[in-house]
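>>> coordinates for the following, if possible.
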Amino acid sequence: MSPIQIIILVTIALIIIKTLQKYRQQAITVREFFLWTVFWLIVAVLFIFPDATQTAANWAGIGRGVDLIIYLALIFLFSALFFILVRLERLEKDVTKIVRKRALEE
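Residues are numbered from 1 along each chain as shown. Okay, the predicted model is just below:
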């Protein structure tokens with residue numbers, strides 16, 4: 001195992017511990033804890049077995065494993081951005097309703 005793999009795996013372990021702390025503080029839900037833990041465990045496995053991405057990329061018809069990771073990361077980031085924007089718009093509408101109601105009460 002190379003030094004960078006050790007550094008990354010220790011970092012991932014610290015992130016998972018921090019996620020567990022957030023769950024115990026009830027800052028995140030069980031679902032969020034599970035999803036983040038699974039995500040970081042997958043990242044750890046990919047760092048331990050880097051050839052797995054190449055095998056998956058070949059199966060998907062993509063030339064290199066790193067290209068597959070980049071494509072998946074972009075899909076994930078853009079979908080997360082979309083859901084964040086939808087939630088933000090809903091929150092803005094809710095705040096507007098609350099402000100209007102308060103203004104009419106006064």
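>>> now do the top helix by length along the chain: distance to the chain's middle.
Identified as the longest helix of the chain according to DSSP state H is helix 65-105. Distance of helix 65-105 from its chain centroid, counting by Cα atoms, centre = their mean, to the nearest Å, is 14 Å.
>>> packing partners for that helix?
Judged by 3 or more Cβ pairs under 8 Å, 6 or more residues apart in numbering; DSSP states H and E, the packing partners of helix 65-105 are helix 51-60. Yep, even glycine has a C-beta here, placed from its N, CA and C like the rest.
>>> give me the most central residue, this protein.
In the chain, the centroid-proximal residue (Cα atoms, centre = their mean) is W36; its distance is 6.2 Å.
>>> what distance do you get for the closest residue to that one other than its chain neighbours to F83?
Nearest residue to W36 in three dimensions, chain neighbours excluded: T19, at 5.0 Å (Cβ to Cβ, 6 or more residues apart in numbering). With distances taken as Cβ to Cβ, to the nearest Å, T19 is found 20 Å from F83.
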